[in-house]
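Undergrad: using only what follows, build the 3D model:
(one chain, ligands or ions: 1)
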Amino acid sequence: MTRPKDIEEQEIGWRVFEHVAEMGPEQQLAWLLEFLQLSSDNLWERWPDLRIEAGAFAFGQPQTRPIDISRDDLIGLVRQVSEGVRTLASGREWRLEIPAITKVYLPRVVKGRRGKLQFSGWDSQRAVSDFRTAFLAWVDDLISDRVAGARLRACARPGCGRLFVKKKRGIYCSQRCSQAERNKRYYRSLAKKDRQASRHDRYVAEVKRISPAAAKLVRRRTKENVE
Ligand SMILES: [Zn+2]
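TA: I've put the predicted structure just below:
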């Protein structure tokens, strides 16, 4: 006899899996990067929820039982992977050491029109029971994905360096970083204009010393009046 709590856990496992199964490699990579960049405390605090998703990604199936991993092992795993991913993002090579894994092939079922379930090919699944190995194998699949792996970047804003999945030609992790860099460029150009202005003032003062009448005729050089 299954207890209601088990049923509830299984339902949550399925619902999360449905959501996760619809995510392409790029979205999965974005999820991974968020996950890797949580602080240790945050990671452990949110783990009861995150492990359902992490397990669904790693094992490729709904999680009906909590993943059993200690805080230290989880933090160690996340640290190992994030260092590796950072190495990759900086254009250097990173080789993941994963124990040999047996893959099994299972039919992929998708929701078709009017919510009808349809067969749509085969999915490989990792026949491992150990979360760490399954997680590393999933990471390996993601970073070797031609599209997603090639979009892995570290934010170009000095002092940020956050890992993200590049969209179009973006080089910053967020709107915030990109705006901050734009502001910096703007203030830099203002400061440059200020320096030019004070140079102009010194020039006018110099001309005035020689001829007050001529000083009145001094105009600032602009694109329009410079021929
Ligand atoms: Zn950033």
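
Undergrad: pop the domain breakdown of the protein in here.
TA: 4-173, 187-217 (automatic domain parsing).

Undergrad: could you dump those domains to TSV with mean neighbour count, distance to the ion and mean pLDDT?
TA: Glycine gets a C-beta too; all of them are placed from N, C-alpha and C. Compiled in TSV, the domains of the chain are given as follows (neighbours: other C-beta atoms under 10 Å; distance: least, C-beta to the ion, whole Å; pLDDT from 0 to 100):
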stretch	mean neighbour count	distance to the ion	mean pLDDT
domain 4-173	15	3	87
domain 187-217	11	18	81
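
Undergrad: could you dump the ones you listed into CSV with distance to Gln179 added?
TA: Formatted as CSV, the domains of the chain follow (distance: least, C-beta to C-beta, whole Å):
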stretch, distance to Gln179
domain 4-173, 9
domain 187-217, 13
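
Undergrad: I'd like the next helix or strand past the host helix or strand of Arg185.
TA: Element membership for Arg185 (DSSP states H and E) is helix 175-210. The helix or strand immediately downstream of helix 175-210 is helix 212-217, counting by DSSP H and E.

Undergrad: residues touching that following helix, excluding its own?
TA: With C-beta atoms under 8 Å, 6 or more residues apart in numbering as the test, helix 212-217 has contacts from 204, 207-208.

Undergrad: quick check, Ala56 in contact with Val20.
TA: Yes: taking contacts as C-beta atoms under 8 Å, Ala56 lies within contact range of Val20: 4.3 Å.

Undergrad: ok, and the closest non-adjacent residue to the residue nearest in space to the middle of the chain?
TA: Geometric centre of the chain, nearest residue: Phe164, 2.4 Å, by C-alpha atoms, centre = their mean. Spatial nearest neighbour of Phe164, excluding adjacent residues (C-beta to C-beta, 6 or more residues apart in numbering): Cys173 at 4.2 Å.
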